[in-house]
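**Q** Kindly generate the corresponding structure for this input.
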Amino acid sequence: MYIHLGADTLVRESTVVGIFDLDNTSCARTTRSFLNKAEREGRTSYVVSDDLPKAFVVCAEGGADRIYFTQLGAQTLAKRAADENFI
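**A** As a prediction, this is how the structure comes out:
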């Protein structure tokens, strides 16, 4: 199964480590440090949109992780992940 993160971005559901609300998690120093390091290392992707990102999704595949920033909310993404009919 795949989860649609917005625009033309799909990720395999089995690679998703976590879906996080950007407003609630970015206030923690460790989260900011993690996201800054990932961005410096080129492991981040931004789902193209006119809106500010609301959530980020951490995916792991082949021993490497990738962080996707998306304008969709964490609850919306979690519902999509739980919906077996959504591709």
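
**Q** Flag every buried residue along the top helix by length along the chain.
**A** In the chain, with assignment by DSSP state H, the single longest helix is helix 29-40. Within helix 29-40, the residues scored as buried using 16 or more other Cβ atoms under 10 Å are 34-35, 38. (Each C-beta comes from the backbone N, C-alpha and C, glycine too.)

**Q** what do you get for stretch 13-20?
**A** Those would be 13, 15-16, 19-20, for stretch 13-20 by 16+ other Cβ under 10 Å.

**Q** Same check on stretch 63-71?
**A** Across stretch 63-71, burial judged by 16+ other Cβ under 10 Å covers 66-71.

**Q** Residue 46: which of those residues is nearest?
**A** Residue 46 lies nearest to residue 69 out of the buried residues of stretch 63-71, by Cβ to Cβ, at 4.9 Å.

**Q** Looks like the closest one contacts residue 46 (just checking).
**A** Yes: contact criterion Cβ atoms under 8 Å: residue 69 and residue 46 qualify, at 4.9 Å.

**Q** Residues contacting the host helix or strand of residue 17, please?
**A** Taking DSSP states H and E as the definition, residue 17 sits inside strand 16-21. Strand 16-21 is contacted from outside by 3, 31, 54-60, 65, 73-74, 77-78, 81, using Cβ atoms under 8 Å, 6 or more residues apart in numbering.

**Q** Check these against residue 25 and report the nearest one.
**A** For these, the nearest to residue 25 is residue 31 (4.8 Å; Cβ to Cβ).
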